[in-house]
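**Student:** sequence isn't available, so here's the structure alone:
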């Protein structure tokens, strides 16, 4: 039998006769052949794998339910296209260098990136190697890479307006992660909603979208502005922390202070009272980013930017 | 210059003279050489990558802080040994088949597995291929693979005894995930602690270590045994759900009912009141599993089983 026939069989192509198929299968059983996918991919110049780079501060990776939803959304889309998603965690300088080497080593055909920051070395490597890539959120700096996003500014403006509509007079914000555009955009939306009534002393900037940052931020606001009666927290975890600080200070929610969050993550339904918040389509963000990367791998023309819808979910905290 | 000298240089070996090194580096700059790691690894029969297989029900992956801690612990240990951790998510049948193919394709040198269940097809593939492997928790069935574990039964017994010591008379358990040994062992420890006082009507079995399972389980216990005054919840998330059900039923914690959990995850410090629980060394479990795999990859003799310590952390819920 010719090498060509065996090769067509092994690669799952057509044009292999039933007789040839039977003899090949008998031979495979006899010699115990196992296809070496790494070797085959090397010849094909493809790995059928897509990297998913998670670059989050330690505490957030552990407690942010959005990351899990984004991961699972991307995994489902890649799985349907028979691609293996490999999650690469960047948690230290050493990780950054090694992940960059991994990306340049031919192990993945494309990459999804969440939480990129300005001057992210991983993003520079992706750009230099011209690996098919899509970001969840804006890509850093002058990058022209594809991305999937929600309208953080518009959604923040809408929920702040809704909070204003409940009659609150002194509305503040716990603004988180201002070094990322999700954080900066949410502050911009808040500022726009308040217009002339905006008072910068009612904004407390905290480093992370985390529970403890929310608790600390709320304490600072209460000290500076004891008459505060409304708070937009930049994420649900931040809002949950703020609720703890308000409770400790003897303020009732929503009676004394109305609180709204952002994400509609698992947190939102678990706080007491349950949070009024913005629903982010976390699984959808992961799914669309995966589809953008797959299109690039296949050489199909794909949109450079996708905007997904968010929605206000009004519960009991305001 | 000989091919051997260049090869020794590229592979970072010794015995390359300073003069040879300089000429090679000049030549590399001139031709723009980039090492193809996939090709080199194919020849070396190594990928310098270790898979980390997460096989969790959807909701748990998103909300269980332990998974994140285990992942980060393993990532740190592998990173220190200059190995790339690649996380592979199994969320569907399709994923199972594809991950099995990926493992047999030479992309990883070893694998860490969490949450394996009896007859897990991934575990069967790992066994058949004889990939270096370590489990967090007991490996399934008759597997002789290495594993890292805590004494679930002993820890459950100790915290139940502590709860008995607070004077509770009618102590129940919300037992979760009895199809895994962590779940079955925690129930065994609870049963042992109560001895003659064990009453099977005070045990409610729920499928998952989740918040909603805890809430539903507590409701069922309250209906069946309104005089219940103590509860051991099989995890902190389960305990948090139980607190919600108790609150809805107008029971005060710890005054009317004492509640204890298991994990000491981020949940434990956030519930009201904060949970008395068992501290699991989640990052340590990931780290030790990674070290066991690395030893196997290097052909170093390694223990087959490692038992890590847990501890009782007593707060306000009992």
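**Tutor:** Perfect, thanks for sending it. Fair warning: this is a prediction, and the values are worked out from it, not measured in the lab.
**Student:** where's the residue nearest to residue A:81 when sequence neighbours are not counted relative to residue A:130, distance?
**Tutor:** Counting by Cβ to Cβ, 6 or more residues apart in numbering or on different chains, the nearest residue to residue A:81 once its immediate chain neighbours are dropped is residue A:294, at 5.3 Å. Heads up, the C-betas are built off the backbone N, CA and C, glycines and all. Distance of residue A:294 to residue A:130, computed by Cβ to Cβ, to the nearest Å: 17 Å.
**Student:** the more surrounded of the two?
**Tutor:** Just comparing residue A:294 and residue A:130: by other Cβ atoms under 10 Å in any protein chain shown the higher neighbour count belongs to residue A:294, 21 against 7.
**Student:** so which helix or strand takes in residue A:218?
**Tutor:** Remark: residue A:218 resides in helix A:211-224, with elements defined by DSSP states H and E.
**Student:** hmm, that helix in reach of chain B?
**Tutor:** Yes. Helix A:211-224 is in contact with chain B by Cβ under 8 Å from any Cβ of the partner chain, via residue A:211.
**Student:** report how many residues lie close to the residue in the stretch 151-300 of chain A positioned nearest to chain B.
**Tutor:** Nearest to chain B, among the residues of the stretch 151-300 of chain A, is residue A:266, at 5.1 Å (Cβ to the nearest Cβ). Using other Cβ under 10 Å, residue A:266 has 20 neighbouring residues.
**Student:** which residues of the stretch 1-150 of chain A fall in helices?
**Tutor:** In the stretch 1-150 of chain A, the helices defined using DSSP state H, counting those that start in this stretch lie at A:3-10, A:18-31, A:37-44, A:58-63, A:65-80, A:93-104, A:121-129.
**Student:** between these, which gets the lowest average pLDDT?
**Tutor:** Note on the helices of the stretch 1-150 of chain A: lowest mean pLDDT is at helix A:37-44, with a mean of 56.
**Student:** next one: the nearest residue to residue A:23 once chain neighbours are set aside, what pLDDT does it get?
**Tutor:** Setting aside the residues directly before and after it, residue A:23 is nearest to residue A:1 in space (Cβ to Cβ, 6+ apart), at 6.4 Å. On the pLDDT scale, residue A:1 is placed at 72.
**Student:** what's residue A:1 in contact with, if anything?
**Tutor:** Counting by Cβ atoms under 8 Å, 6 or more residues apart in numbering or on different chains, residue A:1 makes contact with A:20, A:23-24.
**Student:** out of those residues, which are buried?
**Tutor:** A:20, A:24 (16 or more other Cβ atoms under 10 Å in any protein chain shown).
**Student:** between the contacts of residue A:1, which is nearest chain B?
**Tutor:** Nearest to chain B among the contacts of residue A:1, with distances taken as Cβ to the nearest Cβ, is residue A:24, at 19.1 Å.
**Student:** give me the number of residues near the closest residue to that closest one other than its chain neighbours?
**Tutor:** Spatial nearest neighbour of residue A:24, excluding adjacent residues (Cβ to Cβ, 6+ apart): residue A:9 at 4.9 Å. Look at residue A:9: counted by other Cβ under 10 Å, it has 18 neighbours.
**Student:** quick one: residue A:9 and residue A:20 touch, right?
**Tutor:** Yes. Contact criterion Cβ atoms under 8 Å: residue A:9 and residue A:20 qualify, at 7.1 Å.
**Student:** mind checking pLDDT for the residue nearest to residue A:81?
**Tutor:** pLDDT, residue A:294: 97.
**Student:** that one falls within a helix, correct?
**Tutor:** Yes. Using DSSP: H, G, I helix; E, B strand; the rest coil, the assignment for residue A:294 is a helix.
**Student:** who's in contact with it?
**Tutor:** Residue A:294 neighbours (Cβ under 8 Å, 6+ apart): A:50, A:77-78, A:81, A:83, A:110.
**Student:** distance check, it against residue B:190.
**Tutor:** In terms of Cβ to Cβ, residue A:294 sits 48 Å off from residue B:190.
**Student:** again with residue A:292
**Tutor:** Distance, residue A:292 to residue B:190, using Cβ to Cβ: 50 Å.
**Student:** strands along the stretch 51-200 of chain A, start to end?
**Tutor:** Taking DSSP state E, counting those that start in this stretch, the strands of the stretch 51-200 of chain A run over residues A:84-89, A:110-114, A:133-136, A:146-150, A:171-176.
**Student:** wait, which of those is closest to residue B:209?
**Tutor:** Closest to residue B:209 of these, according to Cβ to Cβ: strand A:84-89, at 21.7 Å.
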